[in-house]
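A.B. asks: Dropping a prediction and its sequence here:
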Amino acid sequence: MELVPLSRLGTELRTQAQLDVQVTAGERQMVIILPSSLDQLWITPGRRNSGQPRLFWMRRTFLGTQTNESGYLDWTADPGPLIRFVINYAYSHSQIAPQYQRVLDALRGRGLDVDLAHAHGGGFQIRIGLPDLTYLLIGADETLPPRLEQVQGWHIEHYGPEDHIAVVYDSMPHNRARGASLGGGHVDVMADHVARYVASTMARYGGRHPLGAPVRLQQDSTAPGTVAWLLEELVHIPRHHSELANDGGALITVARRDGSDPAAVEVPAVVVNRISALLLAEITNCQTYDG
């Protein structure tokens, strides 16, 4: 029975999975360096079972020490199953998760619901679930590299049902020309930024629309009845300067819900300016999120 040579398996794995593979002379042993843990996956011809050729595999530590992880693989002329096994093992959750435990701990320590999740198209990203059922995805550009020290910067996006909402943080070196953050791959700088973003988002919208709904950019976000429209109306309310003790302040009328017992309250200029700045910022947010 024709068997796929170990040398061919090694060539395919180097090409398809960018793995460090060494095959000994005589093709009696193949050693693969696992990219996350730097442990070794040893593959050698195994004992025949009922006449069926097999390969024996074992994981050894990066020092070469044997572990209790081992097994057998069918050995045929088809390299596909063997290649898939090695790729799935080398880039498995159990391999990459320990590399990012520090990042997960930093985010969880800031009260965030976080986990390592499979990324669309392969690889892994860090996922943060939010109370409004939206979520953040954290990658180093796109997916995470095998080792934490390979992270040069973080790219974080906020997603809602079926739609992208916003870029939350971007410290990738090649994106800095776009005004990206300067935190690089620093874990705590990124975690602090994400925690602030989540806190302000939940405080602003209470876990409801607009972050919990798909973004519809074609809609007029300043149409009557929208939050942005209401805020613009508040910004342009005329300020009454008569009978004020401070220049630039305003008189605000406070009344009951039915309009009874109205009373004028004097607001200092510094407070008026802060309220105006806050309202303008909220208009921008509502227009961005289709509020």
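C.D. replies: Here it is on my side, so go on.
A.B. asks: for the stretch 101-250 of the chain, what spans make up the helices?
C.D. replies: 101-108, 187-205, 227-235 (DSSP state H, counting those that start in this stretch).
A.B. asks: and these, which one is worst for confidence?
C.D. replies: Among the helices of the stretch 101-250 of the chain, helix 227-235 carries the lowest mean pLDDT, at a mean of 56.
A.B. asks: can you give me the strands for the stretch 51-200 of the chain?
C.D. replies: Under the criterion DSSP state E, counting those that start in this stretch, the stretch 51-200 of the chain contains strands at 54-60, 66-74, 113-118, 124-129, 135-139, 155-160, 163-170.
A.B. asks: buried sites along stretch 65-79?
C.D. replies: 75-76, 79 (16 or more other CB atoms under 10 Å). To be clear about C-beta, it is placed using only N, CA and C from the backbone, and glycine gets the same treatment.
A.B. asks: hmm, I was thinking of stretch 103-121
C.D. replies: Buried residues in stretch 103-121 (16+ other CB under 10 Å): 103-104, 106-107, 110, 112, 114, 116-117, 119.
A.B. asks: Of all pairs in those, which one is the farthest apart?
C.D. replies: Greatest spatial distance in those: 110 and 119, 22.5 Å, computed using CB to CB.
A.B. asks: so residue 7 touches residue 25, yeah?
C.D. replies: No - contact criterion CB atoms under 8 Å: residue 7 and residue 25 do not qualify, at 10.2 Å.
A.B. asks: and the two? which has more neighbours close in?
C.D. replies: Higher neighbour count among residue 7 and residue 25: residue 7, with 13 against 6, using other CB atoms under 10 Å.
A.B. asks: what helices or strands is the helix or strand in which the more buried one is found leaning on?
C.D. replies: In the assignment (DSSP states H and E), residue 7 maps to helix 6-17. For helix 6-17, the packing partners by 3 or more CB pairs under 8 Å, 6 or more residues apart in numbering; DSSP states H and E come out as strand 20-23, strand 30-33, helix 80-90.
A.B. asks: Looking at the ones you listed, spot the one closest to residue 164.
C.D. replies: The nearest among the helices and strands packed on helix 6-17, by CB to CB, is helix 80-90 at 29.1 Å.
A.B. asks: Now do the contacts for residue 195.
C.D. replies: Residues counted as contacts of residue 195 (CB atoms under 8 Å, 6 or more residues apart in numbering) are 107, 110-112.
A.B. asks: for the buried residues of stretch 103-121, which one is nearest residue 12?
C.D. replies: residue 119 (23.4 Å).
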